[in-house]
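Engineer: Pasting the sequence and the predicted coordinates here, then a few questions.
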Amino acid sequence: MKKLVVIMMIGMLYSCSNQEVYVDVPLAFNKPSNFPDIVYNLQNNPPTQAGFELGRKLFYEGRLSSDGLVSCGFCHIQADAFTHHGHSISHGVNNAQGTRNSPPIQNLAFQTAFMWDGATTHLDLQPIIPFTSPIEMNGNFDAALTMMKSDVTYKKMFKNAFTDGKINSENMLKALGQFMTMMVSSNSRFDKYRRNELGGELTATELAGYAVFNQKCATCHATDLFTDNSYRNNGLPINPQVNDVGRYRVTELESDRYKFKVPSLRNVELTAPYMHDGRFFTLEGVLEHYNSGMVNTPNLDPLFTTGATLGIPLNTTEKSQLIAFLKTLTDMEFIHDVRFSEF
């Protein structure tokens, strides 16, 4: 009898020793030295390898949408700095058309609000908006959770990523938050110039463009993030068919009507078309708007009305120099980083 018990115990120990044991590891968030402080609270949702990998799978998961095709990555394509390149406005399930251009996904941990109108101030909650939007993913949490609970891979990934191992909306959103938190773009030629690193040499034309930028653009496109995270009306003619009221839709304050979030200019070479409605397909078109195309609409930012001429006067040379400088903000390491690529 004792011999049998010993054999059974050895068998149990052997079985346990052959079970796959996953040990998750934390991911370090390294703030680039030329960036301002992070604003995302890492303590509330500290990124780990398993959480990040789950977030990446969810980011590219078409089955979260009602048609089984449209994922976050559908409108945020890595090769285009996670924008929907070539599409003035985004389209989602059943080719439903929205009214706004897909903004790039980068450096979100340094931002205080998200979407063109700042509809949410918490990165972990931001995915709820496109996920539940009937013209984007048209997703349903109950259906998504049911799908994942019946998927062997998801059951394993949730178990590895979270202590409770639960497949629920909270953990789903936390995983997406971890993935997006780590999406830092900070290795453009301009970054290396700022940090005095190898490969950071700028030409005379690019440096001249940087000087023009600091003189005429840096108030709104501030810091090395190239945005002050504010909401402004930059004098775009109003499209009467859409009449997008911008920030007003969130606050219902008349002072916010027609104001939109100042976008970062990082990777701007790759993120055409431009503005909240994607009306400009070239950087030349954007600069000409500021030079001669502004309209004095309600709540036009005072920065554009301080001189005798409405807008920001830019001559041909300055525009050429500015574009040369803006192209130094392209971060090809970020664009090709396999950590953020689809499986």
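Structural biologist: Thanks, I have the structure now. Note that the structure is a prediction, hence the values are computed from the model and not measured.
Engineer: Dihedrals phi and psi, residue 261?
Structural biologist: When read as degrees, to the nearest 10, the backbone of residue 261 gives phi -70, psi 140.
Engineer: I'd like the mean pLDDT over stretch 289-300, please.
Structural biologist: In this model, stretch 289-300 carries a mean pLDDT of 96.
Engineer: Compute the first-to-last residue distance for that stretch.
Structural biologist: Distance between the two ends of stretch 289-300: 14 Å, counting by Cα to Cα, to the nearest Å.
Engineer: From the chain's centroid, how far away is it?
Structural biologist: Put simply, stretch 289-300 sits 27 Å off its chain's centre (Cα atoms, centre = their mean, to the nearest Å).
Engineer: and that stretch, which residues are buried?
Structural biologist: Buried residues in stretch 289-300, counting neighbours by 16 or more other Cβ atoms under 10 Å, are found at 289-291, 293-294, 299-300. No exception for glycine: its C-beta is placed from N, CA and C like everyone else's.
Engineer: Widest-spaced pair of these?
Structural biologist: Spatially, the most separated pair among the buried residues of stretch 289-300 is 291 and 299, at 21.0 Å (Cβ to Cβ).
Engineer: Would you state the helices of the stretch 201-343 of the chain in chain order?
Structural biologist: Assigned by DSSP state H, counting those that start in this stretch, the stretch 201-343 of the chain shows helices spanning 204-216, 248-251, 283-288, 316-326, 332-335.
Engineer: remind me which residues of this structure are low pLDDT?
Structural biologist: 1-20 (pLDDT under 70).
Engineer: give me the element residue 56 is part of.
Structural biologist: helix 49-59 (DSSP states H and E).
Engineer: What helices and strands are in contact with that helix?
Structural biologist: helix 72-75, helix 152-161, helix 169-181 (3 or more Cβ pairs under 8 Å, 6 or more residues apart in numbering; DSSP states H and E).
Engineer: Outside of that helix itself, list whatever touches it.
Structural biologist: For helix 49-59, the external contacting residues (Cβ atoms under 8 Å, 6 or more residues apart in numbering) are 22, 24-27, 64, 71-73, 76, 153-154, 157-158, 160-162, 172, 174-180, 182, 339-340, 343.
Engineer: for stretch 38-48, same thing?
Structural biologist: With Cβ under 8 Å, 6+ apart as the criterion, stretch 38-48 contacts 24-27, 29, 31, 108-112, 123-124, 161, 174, 177-178, 181-182.
Engineer: Just the C-alphas of it, formatted as PDB.
Structural biologist: The C-alpha trace of stretch 38-48 is given here as PDB (Å, rounded to 0.1, in the frame of the first residue of the first chain):
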ATOM      1  CA  ILE A  38       4.200  61.200 -18.700                       C
ATOM      2  CA  VAL A  39       0.600  61.900 -17.600                       C
ATOM      3  CA  TYR A  40      -0.800  58.300 -17.700                       C
ATOM      4  CA  ASN A  41      -0.900  56.700 -14.300                       C
ATOM      5  CA  LEU A  42       1.200  53.600 -14.700                       C
ATOM      6  CA  GLN A  43       0.500  52.500 -11.200                       C
ATOM      7  CA  ASN A  44      -3.200  51.900 -12.000                       C
ATOM      8  CA  ASN A  45      -2.400  49.700 -15.000                       C
ATOM      9  CA  PRO A  46       1.300  48.800 -15.100                       C
ATOM     10  CA  PRO A  47       2.200  47.300 -18.400                       C
ATOM     11  CA  THR A  48       3.500  43.700 -18.500                       C
END
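Engineer: just how off-centre is it within its chain?
Structural biologist: That offset, for stretch 38-48, works out to 16 Å (Cα atoms, centre = their mean).
Engineer: tell me which residues in it are buried?
Structural biologist: Of all the residues in stretch 38-48, those buried under the rule 16+ other Cβ under 10 Å are 40, 45, 47-48.
Engineer: and of the residues you listed, the nearest to residue 215?
Structural biologist: Nearest member of the buried residues of stretch 38-48 to residue 215, counting by Cβ to Cβ, is residue 40, at 31.7 Å.
Engineer: export the helices and strands packed on helix 49-59 to CSV and tack on distance to residue 281?
Structural biologist: Shown next, in CSV, are the helices and strands packed on helix 49-59 (distance: least, Cβ to Cβ, whole Å):
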stretch, distance to residue 281
helix 72-75, 18
helix 152-161, 39
helix 169-181, 27
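Engineer: Could you look over those helices and pick the most buried one?
Structural biologist: Highest mean neighbour count among the helices and strands packed on helix 49-59 (mean count of other Cβ atoms under 10 Å): helix 169-181, with a mean of 23.
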